[in-house]
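**Q** Just a sequence and a predicted model for now, questions to come.
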Amino acid sequence: MLSRPLCLIFLFLCLKTTFASSLHASSFSTTHLCSHEEAAALLQFKTSFSINYTVCYTEANYSKIESWKEGIDCCSWDGISCDHVTGHVIALDLSYDCLSGTFPSNSTLFLLKNLESLNLASNDFRLSKIPPEISKFTRLNFLAPFQLP
């Protein structure tokens, strides 16, 4: 038979472990890092293009934007990187993503004010020049070359 003080210590350790586990689980709740506005801007940007595997420069037959779904944290979407503290989208890599269409100068992409890296290389965008709105990305330090006709 265990002594009373030993039983109390055992009970205390069990309760402490249970409490610590519940705190740990709650710290990894389903909170979203990505803001609703940035997710909406990306989803709208996604609708600007079609996926055309015949213009794809890869054999993967997978487009990163296929993982972009409403209700899922955009920081977890393929091709998206977010700041781990603020949750702002800081990088967009859709290179070799089989995207085809006209790149609108009023694209919602330009709403991503914290973007530091943009790679849209090797897609089939129809544009005659790089949109001047690209200057809205004041934090941009990497821009993959656009392919102009």
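**A** Noted; the coordinates are in hand.
**Q** Nearest residue to residue 112 in space, please, no chain neighbours.
**A** residue 89 (5.1 Å; Cβ to Cβ, 6 or more residues apart in numbering). All C-beta spots, glycine's among them, are computed from the backbone N, C-alpha and C.
**Q** In contact with that neighbour, which residues?
**A** Residue 89 makes contacts with 34, 38, 42, 74-75, 80-82, 112, 114-115, as judged by Cβ atoms under 8 Å, 6 or more residues apart in numbering.
**Q** and with 10 Å instead?
**A** With contacts defined as Cβ atoms under 10 Å, 6 or more residues apart in numbering, residue 89 is in contact with 33-35, 38-39, 41-42, 74-75, 77, 80-83, 109, 111-116.
**Q** List only those of those residues flagged as buried.
**A** With neighbours counted by 16 or more other Cβ atoms under 10 Å, those contain buried members at 33-35, 38-39, 41-42, 74-75, 77, 80, 82, 109, 111-112, 114-116.
**Q** Quick check: pLDDT value at residue 26.
**A** Looking at residue 26, its pLDDT reads 34.
**Q** Does residue 92 lie in a helix or a strand, and which?
**A** strand 89-93 (DSSP states H and E).
**Q** Pull out the buried positions in that strand.
**A** Applying 16+ other Cβ under 10 Å to strand 89-93 flags 89-93 as buried.
**Q** re earlier: the contacts of residue 89 in helices, which ones?
**A** 38-39, 41-42 (DSSP state H).
**Q** among the residues you listed, which two are most distant?
**A** Greatest spatial distance in the ones in helices among the contacts of residue 89: 39 and 41, 7.3 Å, computed using Cβ to Cβ.
**Q** who touches both of these two?
**A** The contact lists of residue 39 and residue 41 share 74, 89, where a contact means Cβ under 10 Å, 6+ apart.
**Q** Quick check: neighbours of the helix or strand residue 125 falls within in the sheet, parallel or antiparallel?
**A** Applying DSSP H and E as the criterion places residue 125 in strand 124-126. Partner strands and pairing direction for strand 124-126 (DSSP bridges) are strand 99-102 (parallel).
**Q** Past the strand it pairs with, which element shows up next along the chain?
**A** Beyond strand 99-102 in the direction of the C-terminus, DSSP H and E gives the next helix or strand as strand 117-119.
**Q** And the contacts of that following strand?
**A** Here strand 117-119 makes contact (Cβ under 10 Å, 6+ apart) with 79, 81, 90-97, 109, 112, 134, 137, 139-146.
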